[in-house]
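1. quick one: sequence and predicted model below, then my questions.
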Amino acid sequence: MGDIHELTFSICKSDADDSIIAQAIEVWTSIAEEEDYWVERNLVTHDLIAKVFKDLLHEVVLNCFARIEFNDDMNDGEWGVGTSAQCCLRAIAKLMWNDILDPIIEYSGPLIVSHDLK
């Protein structure tokens, strides 16, 4: 777990190509979707998302979420960083339910009242 965590998080913080960063985010989307599949069937999970939830949310998803580019995000059939972050946020929210509300409000609150919206 530690290697995946460290590798994907370091990629998301780097100046790597956007397609590489999007793929690193998609790793966590896949993990969240797989855990949700197991939860829905009342099977035992390893709670990987819960273990890295705060770091994943703040360091990866929310930082990359704002990078959506409405005109270029779907070029060549590849998802951009912003779209990948949004899908990851959706998958995490499905698992974490109410635990995700406070961090999202904390992140988005200042953006809502800011005059510097994109």
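-> It's in.
2. pull out the buried positions in the lengthiest helix in the chain.
-> Scanning the chain for the helix with the most residues, using DSSP state H, yields helix 18-40. Going by neighbour count (16 or more other Cβ atoms under 10 Å), the buried part of helix 18-40 is 18, 21-29, 31-33, 35-36. For the C-beta atoms, the positions are set from N, CA and C on the backbone; glycine is no exception.
3. between those, which is nearest D99?
-> Taking Cβ to Cβ as the measure, D99 sits nearest to A32 out of those, at 13.1 Å.
4. what sits against the residue lying closest to that closest one once chain neighbours are set aside?
-> Leaving out its chain neighbours, the residue that sits closest to A32 by Cβ to Cβ, 6 or more residues apart in numbering is A91, at 3.6 Å. Shown in contact with A91 (Cβ atoms under 8 Å, 6 or more residues apart in numbering): W28, T29, A32, E33, D36.
5. quick one: the helices in the chain?
-> If you assign secondary structure with DSSP H, the helices in the chain sit at 2-13, 18-40, 48-55, 63-65, 81-96, 101-113.
6. tabulate those helices (a markdown table), appending mean pLDDT.
-> Putting the helices of the chain into a markdown table (pLDDT from 0 to 100) gives the following:
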| stretch | mean pLDDT |
| --- | --- |
| helix 2-13 | 89 |
| helix 18-40 | 95 |
| helix 48-55 | 91 |
| helix 63-65 | 83 |
| helix 81-96 | 92 |
| helix 101-113 | 84 |
